[in-house]
Every structure is written in C-alpha cells, then in structure tokens.
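K.L.:
generate coordinates for the sequence data below:
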Amino acid sequence: MALVNQLQKFSRSILGIASNYSKYTSNTTLPFLQATRGISTTQPLSEKQEVNITFVKASGERIKAKGKVGDTILDIVVNNEIDLDGCGACEGTLTCSTCRLIFSKEVYDALPDKPTDEELDMLDLAYELTDTSRLGCQIVMSKELDGIEVRVPSTINDARA
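P.N.:
Numbers count the residues shown, from 1 in each chain. Below is the predicted model of the structure:
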C-alpha cells in the first residue's frame, strides 16, 4: 500500500509539472500528459470512506482500528501500528501466513472473494486453522465489511521459516 501511495504522489507531481510547463509552451508540446490529467478513474485517497474493524486477541483484548475502503486488513494493522506478534512478516506477498485471522461464519460467507489456491496453500501451513480462517493481506475492506470483528489466533507460523 505504501508503494501505491508513493506512485500516486509521484504521478501527481509529474502531472503538476507538466501542467505548469504547458503554460509556458505551446498547447501541442505535452498533449499526452495534458490529456491524461483529467481521465483518472480512481477516487482520491483523502475521499475514500473510512471503515472500522475490531481485532480480538486470544487474551480477549479488543483492539479497534480504522482504515479506508480499499485497504487490506494487513494494511490496517500496519498503518495503525497494531502489535499482533509478527503479523505480516512477508509484507503481504502471500508467502508467510502470519496475518491469518479467524472470521465469524457470517462474515466469512459475506467476503466478496473466495481464497485463491495460493492463499489456501499458505493457510495449510498455519497453526490453529479453522474453516473460517483467511489471510488478512488478501481481504480488501469495503463499506460492506465496515464494523467487522476478527479473531487473532494465539500463535503464528511463519511459513518461510
């Protein structure tokens, strides 16, 4: 997510330079950059709807956090600096299973995407696997998931080790 943010900032700065540059040159100097400036289909980051999630640790401790629509659950953990004992060791590259979470049956069934074969392979290596386990790096928050509660397993297994 941080890489996406950096690329968007870079893109905006290039387009801003091109826009300012075109004021001092003919209208035909930078037609491509001028044309692309108004065709973005993504919503600006600051306007994305906020979503809430509650993490319930094995100890019973409840941690409430906020994120944005489009963030993965792992993004929310990282962006809020939530200490979940090694969660996200592979930084969301689908190679470790440390961001495994346990969903209620209702929430699990409501998730928009089913797990991929790669995710299922990583889940097979996780401790305390349940029928409603998913990797947080693979769950993208939407307004429909706002307010969900997820259980954090008591132990993790880094599949890379």
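
K.L.:
quick one: low-confidence parts of this protein?
P.N.:
Residue ranges of the chain with pLDDT under 70: 1-46, 157, 159, 161.

K.L.:
kindly recompute the last result at 50.
P.N.:
18-26, 28-30, 32-37 (pLDDT under 50).

K.L.:
quick one: the strands in it, in order.
P.N.:
Here the chain has its strands, by DSSP state E, at 50-56, 62-68, 100-103, 133-135, 148-151.

K.L.:
any chance of those in JSON lines, plus mean neighbour count and distance to E81?
P.N.:
To be clear about C-beta, it is placed using only N, CA and C from the backbone, and glycine gets the same treatment. Converted to JSON lines, the strands of the chain look like this (neighbours: other Cβ atoms under 10 Å; distance: least, Cβ to Cβ, whole Å):
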{"stretch": "strand 50-56", "mean neighbour count": "18", "distance to E81": "13"}
{"stretch": "strand 62-68", "mean neighbour count": "15", "distance to E81": "10"}
{"stretch": "strand 100-103", "mean neighbour count": "22", "distance to E81": "17"}
{"stretch": "strand 133-135", "mean neighbour count": "24", "distance to E81": "20"}
{"stretch": "strand 148-151", "mean neighbour count": "18", "distance to E81": "17"}
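
K.L.:
redo the ones you listed as JSON lines? Include distance to L94.
P.N.:
Below are the strands of the chain laid out as JSON lines (distance: least, Cβ to Cβ, whole Å):
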{"stretch": "strand 50-56", "distance to L94": "20"}
{"stretch": "strand 62-68", "distance to L94": "19"}
{"stretch": "strand 100-103", "distance to L94": "12"}
{"stretch": "strand 133-135", "distance to L94": "7"}
{"stretch": "strand 148-151", "distance to L94": "18"}
